[in-house]
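J.: Next one to model:
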Amino acid sequence: MIGLLFASPLFAQSLGKQVTKQQLVTYTYNNTLAFRPKWALTTEIQERRFRNPDEQHQFQISSRLYYSLGKSWGASVGFAYLLQSPQDPHATDDLVVPELRPYVQFDYRQRIGRLSIGHRYMIEKRFFRNTAYGELAKGYNTNYRFRYRLGLEYHIANINNLPLQVKASEEIHVNAGKSILYNRFNQNRIYVGLNYALHKNINIEAGYLYWFQQRVTGNQFFSRDIISLMIFHKINLNKKEDADPADIKK
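T.: Got it, this is the predicted structure:
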């Protein structure tokens, strides 16, 4: 897989690496408002929590404006606001750190019979609120992050005339910027899930995400097993159906 190809040289240099294993669950609501031909606004709300003990890990809300470029290509500009809780569910420190994240995204989709192959390219500018002595401080530190995701979707069957699909994806994240010293490789995410349409405009999805992340020290890593539960909701304001809804989902 692509993550192994990118990450192996980086892992080899981190002698004595320390891996922290964690279990989490993520709840996501994704709403797409198709308001004009070729245009759509997608808003997503996500709550990520540790399991045993049940503690918040991260809250995120993001919106992006999508435009269909034609020939299976799409482009988006977006902005995300995140609240990052301590990375350790047992931490006595309860400081929550905000992050601001504008981004640009390009999508390309290929269809081969029942199989859909998706490519997502994303560039993020990340602004992390400064902290000092266990409290929030003025200003932000910043860096760039480049992401590529390869995704597969296979139409298994129709149930009550609505599609059931299996999904699989892998995504690599790479950091860039003056503040990045030891963790150019940021993380690798591998996902598999089932997606079912309850209604032509409402899909539910359950899946498993494996998330391997390098920390700023370079020799410390997070290995995360995450249960993912999602609702996709599309509202179409156009008189005519536009592009395939799959082309404007996250």
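J.: quick one, longest strand in the chain?
T.: strand 135-159 (DSSP state E).
J.: Regarding Thr20, which helix or strand does it belong to?
T.: If you go by DSSP states H and E, Thr20 is part of strand 18-36.
J.: tell me what the longest strand of the chain is packed against?
T.: Applying 3 or more C-beta pairs under 8 Å, 6 or more residues apart in numbering; DSSP states H and E, one finds that strand 135-159 contacts strand 97-112, strand 115-132, strand 162-176, strand 185-199. Yep, even glycine has a C-beta here, placed from its N, CA and C like the rest.
J.: I'd like to know how many residues surround the closest residue to Pro86 other than its chain neighbours.
T.: For Pro86, ignoring the flanking residues on the chain, the nearest one in space by C-beta to C-beta, 6 or more residues apart in numbering is Asp93 at 5.5 Å. Asp93 has 9 neighbours, counted by other C-beta atoms under 10 Å.
J.: Over to Asp225?
T.: By other C-beta under 10 Å, the residues close to Asp225 number 14.
J.: element containing it?
T.: Counting by DSSP H and E, Asp225 is part of strand 220-236.
J.: List the buried residues in that strand.
T.: Of all the residues in strand 220-236, those buried under the rule 16 or more other C-beta atoms under 10 Å are 220-221, 224, 226, 228, 230, 232, 234, 236.
J.: ok, which pair from those residues is furthest apart?
T.: The span of those, defined through C-beta to C-beta, is set by Gln220 and Asn236 at 46.0 Å.
J.: For the chain, which residues score under the pLDDT cut-off?
T.: Residue ranges of the chain with pLDDT under 70: 1-15, 239-250.
J.: picking up where we left off before, just the buried residues of strand 220-236 now: which is nearest Thr32?
T.: For Thr32, the nearest member of these is Lys234. The distance, counting by C-beta to C-beta, is 4.6 Å.
J.: follow-up on the earlier one: kindly calculate the angle that the longest strand of the chain makes with strand 97-112.
T.: Interaxial angle, strand 135-159 versus strand 97-112 (axes from the mean of the first three to the mean of the last three C-alpha atoms, to 10 degrees): 20 degrees.
J.: Identify the neighbouring strands of strand 135-159 in the sheet and state each direction.
T.: strand 115-132 (antiparallel), strand 162-176 (antiparallel) (DSSP bridges).
J.: From the structure, what's the count of residues near the residue lying closest to Ser179 once chain neighbours are set aside?
T.: Spatial nearest neighbour of Ser179, excluding adjacent residues (C-beta to C-beta, 6+ apart): Asn143 at 5.2 Å. Using other C-beta under 10 Å, Asn143 has 17 other residues around it.
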